[in-house]
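[1] Fold the following.
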Amino acid sequence: MKPTTKQFVAALRSIRKPAPSILKMLKKHAISKNNISTARVLAKAAGYKDWRGFNLHYGKLARRIGAAMGIKSANICLLVEFVT
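    Numbers count the residues shown, from 1 in each chain. Okay, the predicted model is just below:
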């Protein structure tokens, strides 16, 4: 089941504020045209050397948000959609 905007907002308000580097990725993602970007671009915005930093930290954030919403198996796919 896909969470609603209201559920996301409530979850975000209930968790600890993300680290500055994660906030930089979130801001870059939010201002990207149509909210579309690449892991490489978002990682660079946060100061990480490659996409691995993005995957690691967005995944951890997704688990925290998911836990706040009661989603035990939440992963990075809660926050992003992967396309090829």
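[2] how close does Glu81 get to Ser32?
    Per C-beta to C-beta, to the nearest Å, Glu81 is found 13 Å from Ser32. Where you see a C-beta, it was placed from the backbone N, CA and C, and this is true even at glycine.
[3] More neighbours: these two, which one.
    Between Glu81 and Ser32, Ser32 has the larger neighbour count (other C-beta atoms under 10 Å), namely 14 against 7.
[4] State the distance from the closest residue to that one other than its chain neighbours to Ile65.
    Using C-beta to C-beta, 6 or more residues apart in numbering and skipping residues adjacent in sequence, the residue nearest Ser32 is Val41, 7.6 Å away. When C-beta to C-beta is applied, the distance between Val41 and Ile65 equals 21 Å.
[5] Quick check: which element contains Arg63?
    Using DSSP states H and E, Arg63 maps to helix 51-68.
[6] List the buried residues of that helix.
    Neighbour-count burial for helix 51-68 flags 53-55, 57-59, 61-66, 68 (criterion: 16 or more other C-beta atoms under 10 Å).
[7] can you check stretch 21-29 too?
    For stretch 21-29, burial by neighbour count (16+ other C-beta under 10 Å) applies to Ser21, Ile22, Lys24, Met25, Leu26, Lys28, His29.
[8] Stretch 29-49 too?
    By 16+ other C-beta under 10 Å, the buried positions in stretch 29-49 come out as His29, Ser37, Ala39, Leu42, Ala43, Lys44, Ala45, Ala46, Tyr48.
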